[in-house]
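[1] Fold the stuff below for me.
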Amino acid sequence: MKDDKMYSELMHSLKYFLLISWYWVTICPATAQKQNADHLKSGDLLFQDLDCGPMCDAIEAVTTGWNNMSFSHIGIVESSNGVVYVWESMGPGVRRVPLESFCKRTSHAVILGRLKKRYERLIPAALRFIRENEGVAYDDEFLYNNGKYYCSELIFDAFKKANTGRAFFKMLPMTFRKPGSSAYFDVWEDYFKKLGTAIPEGKPGCNPGGLSRSKKIVMIGPL
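    You can find the predicted model right below:
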């Protein structure tokens, strides 16, 4: 009788442990699947919440990322001779930076996304396109197809090229207005005024948050 009671308590504890394990893996994937840099593969997408002030805040205010997270930058991994690099369009333009440099620029966790298995065949061609565009200027006007690239636009065109010219990710009309208002963010009004160009409200574009919600990506969690 005593043995039966001990067995019953043991099974109850085991069921509780399995339930908790299921919860962390299924409900909290970002915590359960924290990745080491050693697990990164060429073609992995890295999403960042940058601390760049009002401009980043404005970008994040009008975009919703995976798990309701805020993303204002994206890069793509290339592993070469055992060293992990990240391709991005930032600052002067399209460039390759060490993974450590990419991760250190923000106090927030870098979030890893990975193309689903059936799309991995596109990665070599996408990376080749990006390498061929190294040095192309940053698209400070946020206009598609103007010979320059902002971060998510680079990823969009790379996979479009790899996908035989058909859009792989989605573009949507951009907005630079405050949510629920017809007024533009002050930072955008000042920004485009200095550029001497009109605010490209409603023009097609993409952003890191939108890409993170693509059904073609599996979001794995933080590095």
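
[2] which residue is nearest the centroid of the protein?
    For the chain, the residue sitting closest to the mean C-alpha position, by CA atoms, centre = their mean, is Phe47 at 3.1 Å.

[3] Look at that one and tell me its secondary structure.
    Following DSSP: H, G, I helix; E, B strand; the rest coil, Phe47 is assigned to strand.

[4] got a list of what it touches?
    Shown in contact with Phe47 (CB atoms under 8 Å, 6 or more residues apart in numbering): 65-66, 69, 71, 73-74, 110-113, 208, 211-212. Placement of C-beta: from N, CA and C, glycine included.

[5] what does Gly91 give?
    By CB under 8 Å, 6+ apart, the residues touching Gly91 are Tyr138.

[6] before we move on, what about Ser79?
    Residues in contact with Ser79 (CB under 8 Å, 6+ apart) are 40-42, 85.

[7] Which members of these are the farthest-apart pair?
    Greatest spatial distance among the contacts of Ser79 (CB to CB): Lys41 and Tyr85, at 12.5 Å.

[8] Pull up the overlap in contacts between these two.
    Counting by CB under 8 Å, 6+ apart, the contacts common to Lys41 and Tyr85 are 77, 79.

[9] So the two - more neighbours on which side?
    Neighbour count, other CB atoms under 10 Å: between Lys41 and Tyr85, Tyr85 has more, with 19 against 14.

[10] if we look at stretch 145-153, which residues are touching it?
    Contacts of stretch 145-153 (CB under 8 Å, 6+ apart): 73-75, 88-90, 93-94, 133, 136-142, 144, 157, 205-208, 210-211.
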